[in-house]
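Engineer: here is a sequence together with a model predicted from it:
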Amino acid sequence: MAANKLKFSPLLALFLLAGIAVTSRAGDIAVYWGQNGDEGSLADACNSGLYAYVMVAFLSTFGNGQTPVLNLAGHCEPSSGGCTGQSSDIQTCQSLGVKVILSIGGGAGSYGLSSTQDAQDVADYLWNNFLGGSSGSRPLGDAVLDGVDFDIETGNPAHYDELATFLSRYSAQGGGKKVILTAAPQCPYPDASLGPALQTGLFDSVWVQFYNNPPCQYANGDASNLVSAWNTWTGGVSAGSFYVGVPAAEAAAGSGYVAPGDLTSAVLPAVQGNAKYGGIMVWNRFYDVQNNFSNQVKSSV
Ligand SMILES: *[C@@H]1O[C@H](CO)[C@@H](O)[C@H](O)[C@H]1NC(C)=O
């Protein structure tokens with residue numbers, strides 16, 4: 001009888017193949033690093049094996065003719081050249097296949113673009129100081145980051161579409177290394193700050209923040225608002241892939257935390273069927289370490 005059950009079956013083979021296909025479509029985890037000195041190093045984050053993207057956050061001052069300012073909280077002091085040692089961590093990440101992206105903006109910065117020329121100047125600054133260009137005062141040293149993340153949450157939305165366009169033009173330079181463009185809009189659609197920029201269709205990955213926004217986030221076992229917003233986003237914006245942005249712990253956001261079990265049972269199954277699904281984004285590395293969040297959900301992402 002046992003031998004009979006193990007007999008080759010074309011139907012069984014088909015099920016096995018389908019299982020393999022589903023496994024190979026697994027998504028990625030993207031995480032923000034840089035806003036808490038107690039979250040461990042950038043290399044630690046990459047060595048965890050949890051992430052495909054790490055956003056270094058934030059370049060919190062730029063535009064309007066201001067001298068750009070990188071803020072990495074307690075990690076190091078960029079203004080005195082104290083963060084150039086991050087270069088070796090960035091290279092460690094890249095050698096592991098993790099993309100390291102500079103995040104510009106954030107929830108509490110002084111930033112904005114006043115004109116087309118201002119957008120061009122910021123694009124040139126980013127290229128020369130973080131990407132494939134050169135400058136005598138690169139805040140993170142010689143390492144060439146993989147791209148730029150737009151986490152624009154305040155101020156005038158004007159000219160970010162031009163910034164995206166100017167940055168994308170640099171993809172043709174620097175030995176042909178593509179400048180990856182990513183964005184972190186909030187879930188109400190369209191995003192108040194990033195709407196026009198996202199309509200350029202130039203973004204590779206879009207991590208939608210499904211938190212701090214009750215009308216479009218998960219609540220008390222109900223994923224319908226989140227899923228409805230997810231469908232609006234993926235249908236309304238042309239981008240490489242979309243990620244479900246979630247807090248890594250209850251304390252990581254004002255609202256919108258989804259417990260690991262709820263994410264894997266109620267949210268992910270409702271979004272993973274979308275061909276543009278890329279995975280999840282986690283805010284942020286500090287809370288991810290505290291709450292062991294990515295570890296608990298990774299096999300279902
Ligand atoms: C973190 O989660 C993983 C996966 O569920 C588990 O194996 C591990 O024991 C957890 N670690 C801690 C410190 O709780």
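Structural biologist: Thanks, I have it.
Engineer: all contacts plus neighbour counts: C-alpha atoms, from now on.
Structural biologist: Noted.
Engineer: does residue 102 count as helix, strand or coil?
Structural biologist: strand (DSSP: H, G, I helix; E, B strand; the rest coil).
Engineer: I meant to write residue 246 there.
Structural biologist: strand.
Engineer: check the offset of the strand ranked longest in the chain from the chain's centre.
Structural biologist: For the chain, the longest strand by residue count, based on DSSP state E, is strand 53-62. Relative to its chain's centre, strand 53-62 lies at 10 Å (C-alpha atoms, centre = their mean, to the nearest Å).
Engineer: residues making contact with that strand?
Structural biologist: With contact meaning C-alpha atoms under 8 Å, 6 or more residues apart in numbering, strand 53-62 is reached by 29-35, 46, 67-72, 98-106, 108-112, 122, 149.
Engineer: out of these, which are inside helices?
Structural biologist: Of the contacts of strand 53-62, the ones assigned to helices by DSSP state H are 46, 122.
Engineer: mind listing the strands for the stretch 201-301 of the chain?
Structural biologist: Secondary structure of the stretch 201-301 of the chain, counting by DSSP state E, counting those that start in this stretch: strands at 205-209, 241-247, 277-283.
Engineer: hmm, who's touching the shortest one?
Structural biologist: To tie it back to what came earlier, the one meant is strand 205-209. Residues from elsewhere that reach strand 205-209, judged by C-alpha under 8 Å, 6+ apart: 181-187, 239-246, 278, 280-281.
Engineer: residue of the stretch 101-250 of the chain closest to the ligand, please.
Structural biologist: residue 248 (12.8 Å; C-alpha to the nearest ligand atom).
Engineer: that residue against residue 282, yeah?
Structural biologist: Yes: counting by C-alpha atoms under 8 Å, residue 248 does reach residue 282; the two are 5.6 Å apart.
Engineer: now for those two: what residues contact both?
Structural biologist: When contacts are counted by C-alpha under 8 Å, 6+ apart, residue 248 and residue 282 have 288, 294 as shared neighbours.
Engineer: show me the helices in the stretch 201-301 of the chain, by range?
Structural biologist: Remark: helices assigned in the stretch 201-301 of the chain by DSSP state H, counting those that start in this stretch are 224-236, 260-262, 268-271, 285-291, 293-297.
Engineer: and the pLDDT for the closest residue to residue 262 other than its chain neighbours?
Structural biologist: Spatial nearest neighbour of residue 262, excluding adjacent residues (C-alpha to C-alpha, 6 or more residues apart in numbering): residue 221 at 7.2 Å. Note for residue 221: predicted pLDDT of 92.
Engineer: burial measure for residue 221, as a count.
Structural biologist: Using other C-alpha atoms under 10 Å, residue 221 has 13 other residues around it.
Engineer: and residue 71, what does it touch?
Structural biologist: 34-35, 57-60, 77-78.
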